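Chemist: This is the structure alone, sequence omitted:
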Ligand SMILES: [Zn+2]
């Protein structure tokens, strides 16, 4: 059984900060299909459209009939552990620093034979396991064999924790804790074992319902943070920037209407100021310190979460300028991901459908409840995904967007949800 993680000791400030090492990060173009699946938290393998063979490792052609018609399809992952080995030597610096490392040979029920990182709770071969795909610290897909059923403290496994961004014992900044989502998220990360939560508030005089309860949680520390104020962001980064392990940007400025229904650009400018420039200000002030702390062991900087919107993928005209600001934020978040990845800090983009809050009041259901969205964000931190589509609407939109982006644009133009 995995022993529960103990609180890591405080970092000795005299010790030099180590440079982060990463597992091997190069993949062939076709193998990036695995990474795309892992980024969405799915276990997908190549399936031949002509003969039905499921194959691994990914190839340009089917290993049985040489067909090029290969599709990535979700697989079950159940399989049999045939043998295991404990690695005591590696030429890769990343693994050398983490020896010994457990690996297993697994025969999947769907066909292929795989070598996978083996969770500490998997009993010896032969035994049943379930394979899953996780993003590793280099941001590439890695196969992990997990025990067939969940075990206590499973997420505390030493090897698994190298691939996940579990909130347990970590220090977390939530940039706007006063929105319905911010409130739910503070409670969710505290329940997940966060060591300390800095709850940002742009307007300290506002006391939304539920705020008193939040302020009374011992792990929560309220901090002033207005993302439209460069000085305020800089000051807070100077104070806590070197200690933030996970940053969750929940700040959001949302007004309805498209282009013609509104005069002037003030509202659109305010949306950009929070949703786009706010993210840029945060990134400039907080990312350098997080990048430097990617190798701080158990309590390293590990993730940056952006709460975007499914409207970032394709414009929803009734919320037109808001969609544009979220599209800009998405593009910037991709740049941030590239800049943080050498440090092993993961950028997770969350694309919820309409949230059940005051600005989506006129939209018909289904809408995602803030508590459910907060739970999905914690699950993404634990599960190792980097693109998250919580809620039925988001999942439906992204499926249609992948299948036929022009079709979705036309449907949204007709204001169909
Ligand atoms: Zn085939």
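Modeler: Received it, and whenever you're ready, just let me know what you need. Not measured: the values here are computed from a predicted model. Numbers count the residues shown, from 1 in each chain.

Chemist: From now on I want contacts and neighbour counts done on CA atoms only, so please keep to that.
Modeler: Fine.

Chemist: separation between the nearest residue to residue 128 once chain neighbours are set aside and the ion?
Modeler: Distance criterion C-alpha to C-alpha, 6 or more residues apart in numbering; nearest residue to residue 128, sequence neighbours excluded, is residue 80 at 4.7 Å. According to C-alpha to the ion, to the nearest Å, residue 80 stands 24 Å off from the ion.

Chemist: State whether residue 80 and residue 124 are indeed in contact, as I suppose.
Modeler: No - using C-alpha atoms under 8 Å, residue 80 is not in contact with residue 124, being 10.7 Å away.

Chemist: ok, the two, which is more surrounded?
Modeler: Set residue 80 next to residue 124 and count neighbours by other C-alpha atoms under 10 Å: residue 80 wins out with 21 against 13.

Chemist: Confirm that that one sits in a strand.
Modeler: Yes - the assignment for residue 80 is a strand, going by DSSP: H, G, I helix; E, B strand; the rest coil.

Chemist: Please list all residues in contact with it.
Modeler: Applying C-alpha atoms under 8 Å, 6 or more residues apart in numbering, we find residue 80 in contact with 106-109, 126-129.

Chemist: check contacts around residue 186.
Modeler: By C-alpha under 8 Å, 6+ apart, the contact set of residue 186 is 174, 177, 197, 199, 214, 220.

Chemist: redo that, cut-off 10 Å
Modeler: 172-174, 176-178, 192, 194, 197-199, 214, 217, 219-220, 374 (C-alpha atoms under 10 Å, 6 or more residues apart in numbering).

Chemist: Buried among those residues? Make that a ChimeraX selection.
Modeler: Restricted to buried positions by 16 or more other C-alpha atoms under 10 Å, the ChimeraX selection for the contacts of residue 186 reads:
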select :172,173,174,176,177,178,192,194,197,198,199,214,219,220,374
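
Chemist: so what secondary structure elements neighbour the helix or strand that contains residue 397?
Modeler: Using DSSP states H and E, the element containing residue 397 is helix 392-403. When contacts are defined as 3 or more C-alpha pairs under 10 Å, 6 or more residues apart in numbering; DSSP states H and E, helix 392-403 packs onto helix 405-413.

Chemist: any idea of the angle the helix it packs on forms with helix 392-403?
Modeler: 140 degrees (axes from the mean of the first three to the mean of the last three C-alpha atoms, to 10 degrees).

Chemist: ok, back up a step: close to the ion as well: tell me which of the contacts of residue 80 qualify.
Modeler: Among those, not one lies near the ion by C-alpha under 5 Å from the ion.

Chemist: Determine which two of those residues are furthest apart.
Modeler: Largest separation among the contacts of residue 80 by C-alpha to C-alpha: 109 and 126, giving 13.9 Å.
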